[in-house]
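>>> Predicted model, plus sequence, below.
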There are 2 protein chains.
Amino acid sequence: MELTVYSDEHYMKEALKQAQMAFDQDEIPVGAIVVCQKTIIARAYNQTEMLNDVTAHAEMLAITSAANYLGGKYLKDCTLYITMEPCGMCAGALFWSQINKIVYALPDEKRGFTKINPAMIHPKTEVRAGLMASESKQLIDAFFTNARRKN
Amino acid sequence: MELTVYSDEHYMKEALKQAQMAFDQDEIPVGAIVVCQKTIIARAYNQTEMLNDVTAHAEMLAITSAANYLGGKYLKDCTLYITMEPCGMCAGALFWSQINKIVYALPDEKRGFTKINPAMIHPKTEVRAGLMASESKQLIDAFFTNARRKN
C-alpha cells in the first residue's frame, strides 16, 4: 500500500482518524477530510446524534467547513476523502459543490448513492471507490456490535 | 382555491413569503415551512449565496431548524411545504428525517429528485406536487430575468 505524504492512502488514514473520533462519541463512525492543493482544509465526522440533526453527516459538515475556509462555495480544486460511500443527500451536496475528486472507502450496499443513481455525482468529478474499505468496515462492524450489546 | 387556516394552500403561501425574502436578498427564491400539529415550527429560505454554502438550501435549513425546535432528529409528524421540487441532496435529507408529508410547488425539470430517482423519498412519506406552482414560477422567472439583466 502506498503511504507517501500526499497519497490517497495518507489522506484516507486521516479520514479514518475522524471516523474513530465519531466512534469514541457513540456516533456511526464515518469520517471525512477535504484536501486542496495538498493541504487538509477541513476535517469532520458524523455528528447526527450529538447535533440531533439528520443532515450532520461527515461529508456535509466537511463541505460547509471547506467552503468556509476557502471563502467561496465551490470546491473545484478539492478532493473529499470519506470512509464510507456517500448517501443520496451527500452525493447531491457534492454535486452542487462541483468537487474535483471523491475517494471513498467502504461501499454502502443499502444507502449508497450508486444504489440510487450513479449519475448523481457531477460528470466532471472523478470517483475512486473501495480504498481501505476493510479498515472502515472494521470500525463500522465494531460500532454495530457494541450497539447490539447495549440494547 | 382552498385557503382555510390549516389548508396546504395556507401553508404554501407562508413558504412563498419565505421565497420572497430570498428574492429580496438576491438568492434563488425558494422558501420552506415545516408544520407540526398545525403549528409552523420552522421557516427558511435559500441562503447559498449569503452563507457561501451549497448545502444551505431552504429545505436543509428548515429540517435542521425543525429538529432543533422538536429536540429530536426525526420529523415523523411533520409536513414540509417547499416552493420548488427538492433536489437530490434535499430529498436525501428528507428521507433521513422520515418526514410524514412533503408538499412542493414548482417541479424542477433539471435537478428535481424525481429526475434522479423518485424512490429517493421514504416510502412512508406522502408527496403532493404542483400546488401553487405558478406563483412560485413567477418568482423564479423574475429572479432569472433580473440576473440576466445584471450580467
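Thanks, I have it. Numbering: from 1, shown residues only, chains lettered A, B, ... in the order given.
>>> so where's chain A uncertain?
Chain A contains residues with pLDDT under 70 at A:1-3.
>>> try 90 this time
Scanning chain A for pLDDT under 90 picks out A:1-6, A:146-151.
>>> which residues touch the residue nearest the centre of it?
Compute the mean C-alpha point of chain A, and by Cα atoms, centre = their mean the closest residue is residue A:82, 2.4 Å away. Contacts for residue A:82 were tallied using Cβ atoms under 8 Å, 6 or more residues apart in numbering or on different chains; they are A:15, A:30-33, A:58-59, A:62, A:90, A:102-105. Bear in mind the C-beta positions are built from the backbone N, C-alpha and C, glycine included.
>>> quick one: stretch A:61-73 near chain B?
Yes. On the criterion Cβ under 8 Å from any Cβ of the partner chain, stretch A:61-73 is in touch with chain B at A:63-64, A:67-68, A:71-73.
>>> Restricting to C-alpha, output that stretch in CSV.
C-alpha atoms of stretch A:61-73 as CSV (Å, rounded to 0.1, in the frame of the first residue of the first chain):
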residue,chain,number,x,y,z
LEU,A,61,-20.0,19.2,7.7
ALA,A,62,-16.8,18.9,5.7
ILE,A,63,-18.2,20.6,2.6
THR,A,64,-19.5,23.5,4.7
SER,A,65,-16.2,23.8,6.6
ALA,A,66,-14.1,23.7,3.4
ALA,A,67,-16.2,26.4,1.7
ASN,A,68,-15.9,28.5,4.8
TYR,A,69,-12.1,28.1,4.7
LEU,A,70,-11.9,28.9,1.0
GLY,A,71,-14.4,31.8,1.3
GLY,A,72,-16.3,30.5,-1.7
LYS,A,73,-18.9,27.9,-2.1
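>>> Next, the buried residues of it.
Across stretch A:61-73, burial judged by 16 or more other Cβ atoms under 10 Å in any protein chain shown covers A:61-67, A:70, A:73.
>>> ok, residue A:87 to chain B distance?
Residue A:87 is 6 Å from chain B, where distance means Cβ to the nearest Cβ, to the nearest Å.
>>> so that residue sits right up against residue A:108, yeah?
Yes. Using Cβ atoms under 8 Å, residue A:87 is in contact with residue A:108, at 6.8 Å.
>>> which SS state does residue A:102 fall under?
Under the three-state scheme (DSSP: H, G, I helix; E, B strand; the rest coil), residue A:102 adopts strand.
>>> so it touches residue A:126, yeah?
Yes. Using Cβ under 8 Å, residue A:102 is in contact with residue A:126, at 7.3 Å.
>>> thinking again about what came up before, look at the residue nearest to the centre of chain A and give its secondary structure.
Here residue A:82 is strand, with the state taken from three-state DSSP.
>>> tell me which element residue A:144 is part of?
helix A:133-150 (DSSP states H and E).
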